[in-house]
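> Next comes the sequence, and after it the predicted model I'd like to discuss.
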Amino acid sequence: MKKLIYLDNAATTKTAPEVVEAMLPYFTEHYGNPSTVYSLGGESKKAITEARETIANALGAQTEEIYFTAGGSESDNWALKATAEAYKSKGNHIITTKIEHHAILHTCEWLEKHGYEITYLPVDENGVVKIDELKKAIRPETILISVMFANNEIGTIQPIKEIGEIAHEHGILFHTDAVQAFGQVPINVDEYHIDMLSASGHKLNGPKGIGFLYIRKGVKIRSFIHGGAQERKRRAGTENVPGIVGLGKATERAMATMKERTDKEIELRDYLIDRVLKEIPYTRLNGHRTTRLPNNANFSFQFIEGESLLIMLDMEGICGSSGSACTSGSLDPSHVLMAIGLPHEIAHGSLRLTLNEEITKEDLDFVVENLKRIIDRLRSMSPLYEDFVKKNK
Amino acid sequence: MKKLIYLDNAATTKTAPEVVEAMLPYFTEHYGNPSTVYSLGGESKKAITEARETIANALGAQTEEIYFTAGGSESDNWALKATAEAYKSKGNHIITTKIEHHAILHTCEWLEKHGYEITYLPVDENGVVKIDELKKAIRPETILISVMFANNEIGTIQPIKEIGEIAHEHGILFHTDAVQAFGQVPINVDEYHIDMLSASGHKLNGPKGIGFLYIRKGVKIRSFIHGGAQERKRRAGTENVPGIVGLGKATERAMATMKERTDKEIELRDYLIDRVLKEIPYTRLNGHRTTRLPNNANFSFQFIEGESLLIMLDMEGICGSSGSACTSGSLDPSHVLMAIGLPHEIAHGSLRLTLNEEITKEDLDFVVENLKRIIDRLRSMSPLYEDFVKKNK
Amino acid sequence: MYSEKVMDHFQHPRNVGEIENASGVGTVGNAKCGDIMRMYLDIDDNGVIQDCKFKTFGCGAAVATSSMATELVKGKTIQQALEVTNKAVMEALDGLPPVKVHCSLLAEEAIHAALWDYAEKHGIKIEGLKKPKSDIHEGEEEEGEDY
Ligand SMILES: Cc1ncc(COP(=O)(O)O)c(C=O)c1O
Ligand SMILES: Cc1ncc(COP(=O)(O)O)c(C=O)c1O
Ligand code: FES
Ligand code: FES
């Protein structure tokens, strides 16, 4: 079998072997329900408490402010719908951005159908939220600002501290979707004035199907999944103990290796960006040149289409993505690339490559060589390229 | 260490080793996001399709009618909230029972706050829903009937076929919470006229944090978790591939062994019930004598309190439960035992013992001997027993 | 879930039983959870508690707090016994889980009820002792939020 070069770590990551190792005893040995009286359940309860502590520490939060969910999407849905419900008497206006993940955007559309008004802030050409637009959007009835920490497609990191301060000054709750940022960049909920924060295990070498919502003490959010008294009565459902243990381990790991890992990733990312921009003509980098996730590179190659490119890369054992993996069920061009002002046909030819700690310079050399060849080939097949060449002759 | 006799399988089960085995490759090898173009994602996609087929076959359903969730609570919340939303123009009345799990009851309370009317059907002294009350409760604006397949505390199996037929005749949607029944009793969604059915992996030796909602083709349910286009755009969130594979395997296993396993469990359950009722005075069996889950026994011992009993049993390595594990955070006596008409103090002294395939007759002999001793001891400490003895001297 | 001290008093409860012709008997019920505790006191002519026994229908915490409470009041004068609050009992047990704080109130109330019974039988008034409630309502702090 060919070597696999997995460059789609923003879609999902490999679960780290030590994370799986940590989970295993909770399937067949300490399988007790943590909400029980007997000692078998005590083991599970202890494990959950430890995971909660690890995560709280990673954010500068308190242990009882971490609530486990089934992933980033549930956390986002919960944060928005259940604060909207709890603060209805205060107002019905929510501010978010045009480049959020669909878990936020589609939830906002749902809220619009249920009597809420949403402002979708524009971003600049680098994907950075326009702070002056945020300030203008605030009204007396604004109850929530939700801005993602870092974008999943183009990797741009938002000025979260500034946004948090603005929200705080106005007494408005601030939620951030940190699904891409948690474990990749340092986050402190107090320093950034974050009231709620979503994260998902499988983005940081943890298991799929587990995530959390940080909820600052005092925030009057309602339940989203009603039922049993788990998670201090705020999120029902028998606790996914192995998943929670795995998420705790993944967080511990990500925090311990963050500096070293991301330093290396930034170096390799920049190497990749430099080579691609220099060696492949009619190419642009999407997202901010420096204020971006350590592992994210996103290019648009003029005159070609993303899916064809992905399939050809796959034949060489290279996994990448074109827009967000979650939306590949849809054929619309990425709303994020539209929001940064790319024309339709250029957005179509985009490629996201997201690194992990195992990727080497040699891997990236292999990728660049193949990219050059494949893009040449696709362009030679492209009527758009033909028109362009004719026009510029 | 003392041998553990785990008799709380209604709370959660041990994940079967072959289920864990089946899941493992999907953590570190086939970890690709199933919604992607490249071949690594294809492996995950195939595995999900297979699990969906296995489950659909188990219910006599079609593959595309199975939607994966994070567990029974999410399935219940989804089924109720999102059909209520979708059928609002038809009516605002929902019928359920007094003995549902909190995932249904608390969701109904939430719906009541949002403009819906709920009828909570009473049950008879065995915990069986009163069919004539159901018929009387139906109104033109009734949009949904939700009755659990089998009760999690007292094990009573409901006349689901009859209820399904009534719902069907009236053109009302029928949902059943089969979290306890799936894998324990044969279910056919067509024969029983079931339109929606909730189940949870960890109740049938599958993993925690995964479940499904069966939704009959044509039911206009909305999404509950909004976001990406997963699960045919009905349930957002990166698929929990290992969890789904585990649930598939657990279903396969439960279906293959059902007859043999439950025959054995019924025999042992009846042995346990007979001995306890015969050898421990002032004791009653809760739930229907025969129409009950193969692995469920639920007793009330007069004059004693359940928690003390559980702790003393735990010291002997016996795990049981008093009421539903999910609600042990609450101090209210079980709403199910209240609904079958038990007085407060008798409901307090209840013990649920739920078997699994590994339990032997010798285990149960050990349990009965200890029960006799512990109950004697607790009664000797009980002021209620003192009063009773004095009054009857 | 419980501390070692709680488990010890639960497994080996001190002073379980009845006192024939006790000087004072008090039975209290906990409306919150339906549990019941009965306390027997044997008080000598000097107002010193010579013996104390209990019976409890309740959870592990209720049994352990009853047991500890009997230990704490034994040998004390009536006035000293009044100072055995639920807090004192909890501290002596190295604490209780938050949902179990109300159980310790049973013990405090049971002592008070037994003393009240003693006072009535002997036609005396005990300084600082109020007529015991038959039900205990107030108790642990609950999360007042509505989820
Ligand atoms: C009947 C019933 N419904 C729903 C649930 C909730 O399932 P889960 O805890 O997997 O969310 C349970 C189990 O706790 C149950 O027994
Ligand atoms: C920014 C962002 N938010 C939310 C999500 C949803 O997370 P999950 O798929 O774990 O539900 C994702 C990933 O798909 C994401 O990248
Ligand atoms: S031509 Fe196939 S998706 Fe556009
Ligand atoms: S005395 Fe009732 S729960 Fe403890």
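Yep, it's here. Note that the structure is a prediction, hence the values are computed from the model and not measured. Numbers count the residues shown, from 1 in each chain, chains lettered A, B, ... in the order given. Ligands and ions are numbered 1, 2, ... in the order given.

> tell me the contacts of the closest residue to chain C within the stretch 101-250 of chain A?
At 4.5 Å from chain C, A:S223 is the closest residue in the stretch 101-250 of chain A, using CB to the nearest CB. The C-beta positions use only the backbone N, C-alpha and C, and glycine is treated the same way. By CB atoms under 8 Å, 6 or more residues apart in numbering or on different chains, the contact set of A:S223 is A:82, A:233-236, B:106, B:110, C:147.

> With respect to ligand 1, which of the residues you listed is nearest?
A:A236 (6.5 Å; CB to the nearest ligand atom).

> Are there helices or strands packed against the worst-scoring helix or strand of chain C on mean pLDDT, and which ones?
Comparing helices and strands within chain C by mean pLDDT, DSSP states H and E singles out strand C:24-30 as the least confident, with a mean of 90. Other helices and strands packing on strand C:24-30, by 3 or more CB pairs under 8 Å, 6 or more residues apart in numbering or on different chains; DSSP states H and E, are strand C:35-43, helix C:101-122.

> Would you pull up how far that strand lies from the middle of the chain?
With CA atoms, centre = their mean, to the nearest Å as the basis, strand C:24-30 stands 8 Å off its chain's centre.

> Report whether that strand contacts ligand 4.
Yes - residues of strand C:24-30 contacting ligand 4 under CB under 6 Å from any ligand atom: C:N30.

> Go through the helices and strands packed on strand C:24-30 and name the closest to ligand 2.
Within these, the stretch nearest ligand 2 is helix C:101-122; the backing value is 38.3 Å (CB to the nearest ligand atom).

> got the buried residues for the closest one?
For helix C:101-122, burial by neighbour count (16 or more other CB atoms under 10 Å in any protein chain shown) applies to C:101-119.

> Run through the residues you listed and flag the ones next to ligand 4.
Of the residues in those, proximity to ligand 4 by CB under 6 Å from any ligand atom holds for C:103, C:106.

> and the helix or strand of chain A with the lowest mean pLDDT, what other elements does it pack with?
The helix or strand of chain A with the poorest confidence is helix A:344-348; it has a mean of 87 (mean pLDDT, DSSP H and E). Helices and strands touching helix A:344-348, as assessed by 3+ CB pairs under 8 Å, 6+ apart, comprise helix A:335-339.

> which element follows the helix or strand hosting C:V63 toward the C-terminus?
Using DSSP states H and E, C:V63 sits within helix C:60-73. As assigned by DSSP H and E, the chain's next helix or strand after helix C:60-73 is helix C:78-82.

> That following helix - contacts with which helices or strands?
For helix C:78-82, the packing partners by 3+ CB pairs under 8 Å, 6+ apart are helix C:101-122.

> how many neighbours does the residue nearest to A:G317 when sequence neighbours are not counted have?
In this structure, A:G317 finds its nearest non-sequential neighbour in A:K2, 4.1 Å apart by CB to CB, 6 or more residues apart in numbering or on different chains. Residues contacting A:K2 under the criterion other CB atoms under 10 Å in any protein chain shown number 8.

> Surely A:K2 is in a strand?
No - if the criterion is DSSP: H, G, I helix; E, B strand; the rest coil, then A:K2 is coil and not within a strand.

> Just want the most central residue of chain C.
When CA atoms, centre = their mean is applied to chain C, the residue found nearest the centroid is C:A107 (1.8 Å).

> Surely that one and C:A64 touch.
No - C:A107 is beyond contact range of C:A64, at 9.2 Å (criterion: CB atoms under 8 Å).

> As a check, name the ranges of all helices in the stretch 101-250 of chain A.
For the stretch 101-250 of chain A, applying DSSP state H, counting those that start in this stretch gives helices covering A:102-113, A:131-137, A:160-169, A:230-233, A:241-279.

> so can I have TSV of those helices showing mean neighbour count, distance to ligand 2 and mean pLDDT?
Below are the helices of the stretch 101-250 of chain A laid out as TSV (neighbours: other CB atoms under 10 Å in any protein chain shown; distance: least, CB to the nearest ligand atom, whole Å; pLDDT from 0 to 100):
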stretch	mean neighbour count	distance to ligand 2	mean pLDDT
helix A:102-113	21	4	98
helix A:131-137	13	19	98
helix A:160-169	18	13	98
helix A:230-233	19	17	92
helix A:241-279	20	11	98
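
> will you turn these into JSON lines that also has distance to B:N286?
Shown next, in JSON lines, are those (distance: least, CB to CB, whole Å):
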{"stretch": "helix A:102-113", "distance to B:N286": "42"}
{"stretch": "helix A:131-137", "distance to B:N286": "58"}
{"stretch": "helix A:160-169", "distance to B:N286": "52"}
{"stretch": "helix A:230-233", "distance to B:N286": "25"}
{"stretch": "helix A:241-279", "distance to B:N286": "29"}
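
> could you list every residue that touches the residue nearest the centre of chain A?
Closest residue to the average C-alpha location of chain A: A:Q180 at 2.8 Å, with CA atoms, centre = their mean. Applying CB under 8 Å, 6+ apart, we find A:Q180 in contact with A:10, A:148-152, A:155, A:203, A:293.

> If you rank these by neighbours, which is first?
A:N151 leads these on contacts (other CB under 10 Å) with 33 neighbours.

> ok, that residue to A:I280 distance?
Remark: distance between A:N151 and A:I280 (CB to CB, to the nearest Å) = 23 Å.

> do A:P294 as well
According to CB to CB, A:P294 and A:I280 sit 22 Å apart.

> So between the two, which is more surrounded?
The residue with more neighbours, out of A:P294 and A:I280, is A:P294; 22 against 17, by other CB under 10 Å.

> residues from chain C in reach of chain B?
C:7, C:10-11, C:13, C:16, C:18, C:27, C:32-38, C:55-60, C:62-63, C:99, C:102 (CB under 8 Å from any CB of the partner chain).

> quick one on the thing from earlier: how about the residue of the stretch 101-250 of chain A closest to chain C, phi and psi?
phi -70, psi 150 (degrees, to the nearest 10).
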